[in-house]
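# I'd like to go over a predicted model; first the sequence, then the structure.
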Amino acid sequence: MDHLHNADAEAGLDPRAGAGSAAAQGFSATTAANRSLISGVDCRSPILLQHQYPQDQTNPQRHTSYASIPLPDDSSSVSSSHAHSPPSYPAPVPTSRPKWTRPILRATSATWRILKGPIPPIKTYIKPLFPHYQSAPSRLLSRLLPKPRHRRLLQLAFWALWLTIFCIITHWSRFRTSVGGVHATSDGGGVRQLTCTSALWARNNGCGLNGDACKPFAAAAATPFRCPSGCISSGKLMNPRQVGNQTLVYQQMVVGGPAPEVPEGVVAYDATYRADSTVCAAAIHAGVISDLFGGCGLLLQTGATTGLVSSKRHGITSAAFDASFPSTFTFFRPPPGTELEGCLDLRWHLLPITSMFTFLQALLSTQAATFFGTVFVAIFWHVGLMSDPPPAQYNRNDQFEVVSIVAGRFLPAAFVMYIFYLHVLGPTWAGNTSPSWPREVNRPRSPFRLPPQLAVERAVYVLFGWWFGALNNVTFAKIIPLQRLTPHDLANQPGAKPALGIVIVCLVFITFGQMHFLRREGRLPKYLGIYAALGTGLLVFTFALQEMSVRIHHYILALLLLPGTKVGSRPSLVYQGLLLGLFVNGAARWGFASLLETRGVLLGDAVYGVGRVPVMVSPSGGESWEWSGAGRGTEVNSTTNQFLEIGNGEESVWLQNVTLHWRWPTLDENRLYDSKTGLPIEGATEFDGISVLINDVERHQAPIPGIFSPGSATQASGVNATTSFGGNETIGTFSWTRMSLPKEKWAAGEAAWEKLYVRMAFTTKRNGRGVGDYTRAGVVGEKWPGGQGREGWAPPGGGRT
């Protein structure tokens, strides 16, 4: 009872203060009332903790403040009129709550007590490892340069040194490219500055009818080009791409190359690639350049060819193509003595220099603003100009446009980071070694000072995460084989599902770890409220705007999660670095993309998956004749002449007519319906014509019969395109002439013909491409019309391309 007696004495209720038995009786009644009152106080009350656990008073980590507990007025004990009357309390008000709500209320109260955390809160802080050694660099600097003016001059010289090195290496890596004395020019001449996805030919009908938009198909002179580093990972196809009847996805777009028996150590200058192959990936496959440092080369367009082989070289597997294609290219061997300047991508040469610069800055900085500002500027420009530069939007050959893009994104990014520095990063770094709660008037405020006894650990934890996130194109992109959270990627990308599972498990552990620290500090309810509001807002956007999709970009993810790292712990320093790196990479490489994006932007060049696709009917014809080259351009299609190079007319080839058929949609099938009302729109149609691809080149366009579409009905010279009516169907036809294979490939005197891969799609003005989804390829085999299976007619399977 000593601790209760002392507490009453402190409250002014000592029985010795009164005189006589009346005072003693009054004190006894008061003490009884106090006991009953204290027994009703929560056992977690600070006053009970102070009495029951006196050892907590000496624990600096559990600094306790007394709560205000209501006690009876001691003046009543000495009043003559109320000396013998016990204190009166209001009678408890009967509750009208149903019994079934009591367990819910108890569970809610218990949950709230758990979320609020311990009373008093326990501050999370870092106890430095070997603090004397960690503070040695800053102490040494202060000893060598005791005057602040001298340290400021050293800081300016340090900045100037890094800026000079950065500008020199960037200049030689991106602005000094020269092949044989020919320099890159901003008007597109000279050396072509390519990206990892640059190609001479566009997919599907992107090159127009007969590929006219992608001419010339052959050139007499070679074109110098330069490729960046890392095109094996950056140049992968994220959406399916059709090559004949093959579907390429999650690999490089390379068709053709040297024979499989050619060793990798030999540079395959004479290898032939289809024109829609990405040039840089093909150059790596041939051995002309390396994936690590990129490089320069000479590209020569070689016109049409028939039959390209598949091979695996330097980490790239090319696709084969056993039909004709109007445009190909090869790599030209540079003449002896050709000088190559500024060809190598020096991003890996600059990385250790910038990394060391940021580490020294973090190690020697005593002001958080100097540390954060210097490192942010250095990493942002390193990403924007070297490690992951954005592509030029208007002139791919103008590297100064890239500088303009990065500069335009820098100022908004710096403003956003300044806000987070003031409210999240600066206070955390300045107070993460203090074991006690600072008073309100002494809370860390700008300018924030960095504790020198944590210099080495802070530099390692923050900079490791910062660089890891900033180099996202070579870290997360390679470690986690999951670029987009789409059903197609999860189902088809190798390793996508295990990677997603690992990411979810890591996020769960990180989330609960941060919740534990926030709960100990008594801040968990506030943060749960903030993130609940943000989640509610995202759900409202998702369901309110059905025509748009919510997309969480790199920089948005960093902005959402950075407030949850305002905890003085070592894991929080790593998380802060990772999120800062993701923000820098997202802002510098991709810009501040919208949180809400349309379906077309998200699809990119993927299939739409909606609307009709044409229904092919078995081809007809099969008439063949021998052609010696006379009347070239009149007796056969002008589009066929590009691969009928048979010399001076002394030789001859055999030609065969193939008539393709498809079913036009009926008027009811082609009606356009309102997406909201479901009613047909008067006079509107979903499709207005058809596009026919033969061997992945558009060879025919025609309007739907009865629909006037100016400019859409174009066809090649000599091509017969008609419509015939049979029963209730309208059948479209298109005739094509194909060439025989070399006679050594004939069997028993029976002619063999080149394969035709046929794909069709309806044209429309309702999307930006002007065409809907294409069918899969129907194959006219080598023995058609007499062959069976693959040698005859193989109709297209289900699906879209």
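Received it, and whenever you're ready, just let me know what you need.
# From here on, just use CA atoms for contacts and neighbour counts.
Fine.
# Next up, the contacts around Tyr250.
236-240, 493 (C-alpha atoms under 8 Å, 6 or more residues apart in numbering).
# Any chance of CSV for those, columns distance to Gly622, pLDDT and neighbour count?
Below are the contacts of Tyr250 laid out as CSV (distance: C-alpha to C-alpha, whole Å; pLDDT from 0 to 100; neighbours: other C-alpha atoms under 10 Å):
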residue, distance to Gly622, pLDDT, neighbour count
Lys236, 40, 87, 18
Leu237, 37, 87, 15
Met238, 39, 84, 18
Asn239, 36, 85, 19
Pro240, 33, 87, 17
Gln493, 42, 73, 16
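# Okay, and which of these map to strands?
In strands, judged by DSSP state E, none of these are found.
# just those now: which is nearest Ala477?
Distance to Ala477 across these (C-alpha to C-alpha) is lowest for Lys236, with 11.3 Å.
# For that closest one, give the beta-bridge partners.
Lys236 has the following beta-bridge partners by DSSP bridges: Gln252.
# likewise Ser624?
As for beta bridges, Ser624 partners with Gln656 under DSSP bridges.
# same question, Tyr273
Going by DSSP bridges, Tyr273 forms beta bridges with Gly256, Phe329.
# I'd assumed Cys280 was in contact with it.
No: the criterion here is C-alpha atoms under 8 Å, and Tyr273 misses it with Cys280 at 11.7 Å.
# higher neighbour count, these two?
Between Tyr273 and Cys280, counted using other C-alpha atoms under 10 Å, Cys280 has the larger neighbour count: 34 against 31.
# and the longest helix along the chain, what other elements does it pack with?
Selection of the longest helix in the chain by residue count, based on DSSP state H, yields helix 496-520. Applying 3 or more C-alpha pairs under 8 Å, 6 or more residues apart in numbering; DSSP states H and E, we find helix 496-520 packed against helix 487-492, helix 524-544.
# Of these, give the one that comes closest to Thr685.
helix 524-544 (28.5 Å).
# and that closest one with helix 496-520, angle?
Between helix 524-544 and helix 496-520, the angle comes out at 140 degrees (axes from the mean of the first three to the mean of the last three C-alpha atoms, to 10 degrees).
# Counting by contacts, list what helix 524-544 packs against.
Partner elements for helix 524-544 (3+ C-alpha pairs under 8 Å, 6+ apart): helix 101-116, helix 496-520, strand 548-550.
# which of the ones you listed sits most buried?
The highest average neighbour count among the helices and strands packed on helix 524-544, using mean count of other C-alpha atoms under 10 Å, belongs to strand 548-550 at a mean of 17.
# Who does that strand pair with, and is each partner parallel or antiparallel?
Strand 548-550 has these strand partners (DSSP bridges): strand 596-598 (antiparallel).
# still on that earlier bit, run the angle between the longest helix of the chain and helix 101-116 for me.
Orientation of helix 496-520 against helix 101-116 (the same axes, to 10 degrees) gives an angle of 90 degrees.
# Pull the distance from helix 496-520 to the chain's centre.
Distance, stretch centre to chain centre, for helix 496-520: 20 Å (C-alpha atoms, centre = their mean, to the nearest Å).
# Not counting its own residues, what contacts it?
The contact list for helix 496-520 (C-alpha under 8 Å, 6+ apart) reads 115-118, 121-124, 480-482, 489-491, 524-525, 564-565, 567, 572.
# go with 7 Å
115-118, 121-124, 480-482, 490, 524, 567 (C-alpha atoms under 7 Å, 6 or more residues apart in numbering).
# any idea of the mean pLDDT for that helix?
For helix 496-520, the mean per-residue pLDDT is 87.
# swap in stretch 379-394?
Model confidence over stretch 379-394, given as mean pLDDT, is 91.
# Now do it: distance from first to last residue.
Taking C-alpha to C-alpha, to the nearest Å, stretch 379-394 runs 26 Å from one end to the other.
# can you tell me the helix or strand for the nearest residue to Val462 once chain neighbours are set aside?
Distance criterion C-alpha to C-alpha, 6 or more residues apart in numbering; nearest residue to Val462, sequence neighbours excluded, is Gly577 at 4.5 Å. Per DSSP states H and E, Gly577 falls inside helix 570-585.
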